[in-house]
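1. I'd like to go over a predicted model; first the sequence, then the structure.
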Amino acid sequence: MCSVVGYVGKNLSRAFVIEGLTRLEYRGYDSAGFACIHSADNSIMYTKSQGGISNLLRNFETFPIDGYVGMGHTRWSTHGAASVENAHPHFDCNKKISIVHNGIIENFHELKKMLQKQGHQFKSQTDTETVAHLFESLLKEHKNLKSAVLALVNLLEGAYAFTLMLADYPSLLVVVRKRSPVCIGKGEDEMFIASDLLAFAGKTNKVLFLPDECYAFVTRNSVELNDFNGVSLPVYFQVITVPWTADLKGGHEHFMLKEIYEQKKVIQDTVHNNKADENYLWKKLGLTRLQVQDLQVLKIVGCGTSWHAARVAQFFFESIANVRTEVFLASELRYQPFFKETNSVAVAISQSGETADTLEAIRFLRQHGMHTLAVVNVVSSTMVRETQGYLPIYAGPEVSVASTKAFSAQVAALYWLAHKIAFEKELITERALNAAENELLVVAEILESTIEKYKNDIIKKHAERYAQAPYIIFLGRHVSYPFALEAALKLKELSYIFAEGFPAAELKHGPLALVDTNVPVIIFSVLDPVLYPKLVANAQEVKARGAHLVAFAFEGQQELIQLADVVFTIPHVNPLLGPLAMTGLMQFFVYEISRFLGRPIDKPRNLAKSVTVE
Ligand code: M6R
């Protein structure tokens, strides 16, 4: 989840590297660093700092290094604290080999011990530094760059993408990839290297996504590509245009707030754009109409918020399209027994399309012979390249680490897809399909209007109160239970207040012991005639223990409204879309609590937007 950015070319590298790192800072912001080749003596110059790019920029005021070959890094710490000594670049003993790295070297302990015995001096706690020292030994032994790189990759275990800068080979960078993403952009007499092509969007549209288990020697006008067996591979640059406009907060205090308010449009775009493309839907998903008609089982994988969207969507696929749906946490799936089922399809849900756990899960499912699809926001992502079909969600760039508009776009896209499958299976009429699209558009309006209705109350009356809570409990039932999980995740991530989501009826099986007069309990209602009275009974159990009850209720649900200490009422929608209608208000509620606490809303501590390590 670190980012790697490099440059070899006709221009000085620093400006590009810093801009690229800034664009990719969503991948980590624990520390930053820059290294370049000194044009006078080919030595490697470098500087690094704790924290984000802004701190690194201050270093340049007193140490304005630059060179025609340069590379940089922002870090999301895995091995060792977020300190300057652990910041990349790292070096060998003689500072002739420098590395910036994204990923994890799983066997670094053994390698480090072996290298220390040989006399190598380590300066950091990182796994990355091991690679520099190991390469120092191998280069001495092999006396040939290519065979040293080959020996190196055969000794490293894990998932990684790194760039090596070598004082003895001052006109090139070595780029190595195993499972973690990295790409090379070709300009006029210049090459760009980056973990994500967003870093060089607008500078070139010629892109080489380094194939898995490959390494490349990159000079200003050539790329020599080899696989991990040393076999030379042809180099093809694809033409991919990724529009880049600097993300602006549009007058909002935080990206998160801007993104909360973009949700109405995002849902509209998701419906309209997918509808406009609907004749190609099955082709885009790599499925035949017959396969869709026979579809019996969906296995969905995702992490965090995307997993919650999948849990909500499970109700769509099962009740609308009559497709049994299993939802797995991507990080757990690979370690469970796999049961092959006929007429089944695997779906990965991901905003970024780069989440390592989700990628590994989908690779696992593919190895087991499943047809794999991705429902993603970033269509230039690894997940789209590695699956057999994809459905875009049209949320646009999501900058804030906390996922907001991607969640609502995922839920909307999956609701739409469930109806398309149902239509293909002849379970619903075209009229019902059109009605479903309309329902989404109505919900999009409600999502925004409920924020407007309650925002002043939340800011003035509630944020301060809930910010003092020791912890907060969220409750839901049926489709609102995964939504309670999502609310709890948002609150933990942004406010650092502990929160948990429970199915409301489960409280009495244990968690009710947590409830007392200091604990706010927030309940998300449902529009199901059978479940609603049961949910009210659960709310009564909580009130009887003296809890402060906050209800997100639907209009007219008087029993719940009268029971609660604080009520937000939501207009009636299709019962399955209740969570989507509540999404904006729930996010705004969490946003204001976190803002009151002075948290760094867009970049919560210890996190990164794109989680590219397992
Ligand atoms: O990019 P992805 O959707 O695959 O990311 C999955 C999670 O890391 C992500 O949803 C995370 O849980 C969010 N930061 C939560 O707000």
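-> That came through fine. Numbering: from 1, shown residues only.
2. CA atoms for contacts and neighbours, from now on please.
-> Fine.
3. what ranges does the stretch 351-500 of the chain have for its strands?
-> Remark: strands assigned in the stretch 351-500 of the chain by DSSP state E, counting those that start in this stretch are 371-376, 389-392, 471-476, 498-503.
4. touching the second one from outside, list them.
-> The set of residues that contact strand 389-392 without belonging to it, under C-alpha atoms under 8 Å, 6 or more residues apart in numbering, is 274, 281, 283-287, 372-379, 384.
5. before we move on, the earlier item: so which of the strands of the stretch 351-500 of the chain comes closest to the ligand?
-> strand 371-376 (7.8 Å; C-alpha to the nearest ligand atom).
6. so which residues on this structure come close to the ligand?
-> Contacts of the chain with the ligand, taken as C-alpha under 6 Å from any ligand atom, map to 303-306, 350-353, 355, 401-403, 490, 609-611.
7. out of the strands of the stretch 351-500 of the chain, which one sits most buried?
-> Compared across the strands of the stretch 351-500 of the chain, strand 371-376 shows the largest average neighbour count, a mean of 26 (mean count of other C-alpha atoms under 10 Å).
8. within its sheet, name the partner strands of that strand and how each one runs.
-> Sheet pairing of strand 371-376 (DSSP bridges) gives strand 344-350 (parallel), strand 389-392 (parallel).
9. any idea how far the last one is from the chain center?
-> Pointing back at strand 389-392 there. 16 Å (C-alpha atoms, centre = their mean, to the nearest Å).
10. likewise for stretch 467-485?
-> 22 Å.
11. end-to-end on that stretch?
-> 19 Å (C-alpha to C-alpha, to the nearest Å).
12. residue numbering should commence at 772 henceforth.
-> Will do, 772 is the new start, and the previous item becomes stretch 1238-1256.
13. how far does the helix or strand bottoming out on mean pLDDT in the chain sit from its chain's centre?
-> Least confident helix or strand of the chain, by mean pLDDT, DSSP states H and E, is strand 1009-1010 with a mean of 91. The offset between the C-alpha centroid of strand 1009-1010 and the centroid of the whole chain comes to 24 Å, using C-alpha atoms, centre = their mean.
14. just stretch 1083-1090 next, same as before
-> 23 Å.
15. identify all contacting residues around it.
-> Contacts for stretch 1083-1090 (C-alpha under 8 Å, 6+ apart): 1094-1098, 1182, 1185-1186, 1189, 1250-1251, 1253-1254, 1347.
16. cool, stretch 924-943 as well?
-> 775, 777, 779, 808, 813-815, 840, 842, 867-879, 944-953, 966, 988-991, 999, 1384.
17. list the contacts of D1040.
-> Contacts of D1040 by C-alpha under 8 Å, 6+ apart are Y1165, A1166.
18. you'd agree V978 is in a strand?
-> Yes - assessed by DSSP: H, G, I helix; E, B strand; the rest coil, V978 belongs to a strand.
19. kindly write the PyMOL command that selects the buried subset of the residues of the chain next to the ligand.
-> Buried members of the residues of the chain next to the ligand, defined by 16 or more other C-alpha atoms under 10 Å, are picked up in PyMOL with:
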select buried, resi 1074+1075+1076+1077+1121+1122+1123+1124+1126+1172+1173+1174+1261+1380+1381+1382
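20. biggest separation within the residues of the chain next to the ligand, which pair?
-> G1124 and K1261 (20.2 Å; C-alpha to C-alpha).
21. now the residue nearest to A1183 when sequence neighbours are not counted: how far from I1164?
-> Among residues not flanking A1183 along the chain, I1038 sits closest, at 6.3 Å (C-alpha to C-alpha, 6 or more residues apart in numbering). In this view, I1038 and I1164 are 9 Å apart by C-alpha to C-alpha.
22. filter the contacts of stretch 924-943 to the buried ones?
-> Applying 16+ other C-alpha under 10 Å to those flags 775, 777, 779, 808, 813-815, 840, 842, 867-876, 879, 944-953, 966, 988-991, 999, 1384 as buried.
23. below-threshold pLDDT in the stretch 1222-1371 of the chain: ranges please.
-> Within the stretch 1222-1371 of the chain, not a single segment meets pLDDT under 70.
24. make TSV out of the strands paired with strand 1142-1147 and add distance to I824 and mean pLDDT.
-> Shown next, in TSV, are the strands paired with strand 1142-1147 (distance: least, C-alpha to C-alpha, whole Å; pLDDT from 0 to 100):
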stretch	distance to I824	mean pLDDT
strand 1115-1121	26	98
strand 1160-1163	31	96
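25. tell me which of those strands lies nearest to A1335.
-> Ranked by C-alpha to C-alpha, the member of those that lies closest to A1335 is strand 1115-1121, at 35.1 Å.
26. my read: K1261 touches A1173, true?
-> Yes - judged on C-alpha atoms under 8 Å, K1261 makes contact with A1173 at a distance of 6.9 Å.
27. doesn't R948 lie inside a helix?
-> No - counting by three-state DSSP, R948 is not found in a helix; it is strand.
28. setting aside sequence neighbours, what's the nearest residue to it?
-> A932 (4.3 Å).
29. burial count for the one you found?
-> The local packing of A932 (other C-alpha atoms under 10 Å) involves 28 other residues.
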